[in-house]
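Novice: sequence first, predicted model second:
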Amino acid sequence: MSIDYLIMITKPMLQGAQMTVLLFFVAILTSLPLGFMFTLMARSAFKPFAWIANFYIYIMRGTPLLLQLLFVCFGLPILPVVGEYLVMDRFVAACVAFILNYAAYFAEIFRGGLLAIDKGQYEAAQVLGLSRWQTTRKIVVPQMFRIALPAVSNESITLVKDTALLYAVAVPELLHFAQTAVNRDFTIVPFFVAGIIYLLMTLLLTLFFKQLEKRYRFE
């Protein structure tokens with residue numbers, strides 16, 4: 001194994017990692033607010049909203065992400081009547097599946113954060129004359145964020161690793177190029193290189209969330 005060979009196999013894998021990173025940012029930036037919305041719906045006094053949100057969370061957490069990914073990519077287009085309007089680019093379909101799946105997990109994380117807030121905080125806000133919206137924005141959400149941050153960090157790292165499922169729907173990401181190199185060269189070295197790239201990505205993400213925890217959790 002030479003340096004030239006490592007450079008040759010690493011270059012396409014880094015190109016595939018760009019797709020991995022893109023999926024990660026699209027999914028995380030969209031599923032976080034969506035998950036919070038489902039948390040609010042699940043806690044709503046309007047029962048139909050609560051039922052819809054809880055049913056959605058149950059379905060998305062109770063079925064494998066791979067199944068959801070395959071359904072969005074290959075199942076939606078063959079639905080009767082509406083299928084022809086649901087045909088998407090493979091990467092777009094993958095983004096939709098990841099967003100819907102992770103929104104359910106973040107919804108449960110945020111629910112746990114809300115439940116951890118002492119009821120006295122709400123009572124104190126009422127004494128101060130704060131509206132429900134002001135209470136949520138100034139008191140509840142900041143505390144919920146601090147409480148939920150470690151779990152959000154863990155779920156975000158899991159998301160980086162789950163992007164490897166793109167391989168199942170033929171989207172050319174990091175693992176795709178690693179597998180191609182293994183099949184072509186009959187060596188497992190590309191798998192080790194791919195593993196190192198994944199470790200570096202998760203390391204950067206871990207360091208980022210550690211800084212967030214230091215800034216918000218203990219200030």
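Specialist: Right, received. Where do you want to start? Numbers count the residues shown, from 1 in each chain.
Novice: residues contacting the residue lying farthest from the centre of the chain?
Specialist: Among residues of the chain, the one most distant from the C-alpha centroid is residue 127; the distance is 38.0 Å, by C-alpha atoms, centre = their mean. Shown in contact with residue 127 (C-beta atoms under 8 Å, 6 or more residues apart in numbering): no residues. Backbone N, C-alpha and C define where each C-beta goes, glycine included.
Novice: ok, now how distant is it from residue 121?
Specialist: Using C-beta to C-beta, to the nearest Å, residue 127 is found at 11 Å from residue 121.
Novice: for residue 85, same thing?
Specialist: Using C-beta to C-beta, residue 85 is found at 46 Å from residue 121.
Novice: neighbour-wise, which of these two wins?
Specialist: For residue 85 versus residue 121, the count of surrounding residues by other C-beta atoms under 10 Å is larger for residue 121: 12 against 9.
Novice: isn't that one right next to residue 141, touching?
Specialist: No: with contact defined as C-beta atoms under 8 Å, residue 121 does not count as touching residue 141 (11.6 Å).
Novice: how many neighbouring residues does residue 30 have?
Specialist: Counted with other C-beta under 10 Å, residue 30 comes out at 17.
Novice: residue 215 now?
Specialist: A total of 11 residues lie near residue 215 under the criterion other C-beta under 10 Å.
Novice: low-confidence ranges, this structure, go.
Specialist: Within the chain, the segments meeting pLDDT under 70 span 1, 217-219.
Novice: packing partners of the longest helix along it?
Specialist: Taking DSSP state H as the assignment, the helix of the chain that covers the most residues is helix 3-42. The contact analysis (3 or more C-beta pairs under 8 Å, 6 or more residues apart in numbering; DSSP states H and E) places helix 3-42 against helix 47-62, helix 90-115, helix 141-162, helix 174-185, helix 189-212.
Novice: of all these, which one is nearest residue 21?
Specialist: The closest of the helices and strands packed on helix 3-42 to residue 21 is helix 189-212. By C-beta to C-beta, the value is 7.3 Å.
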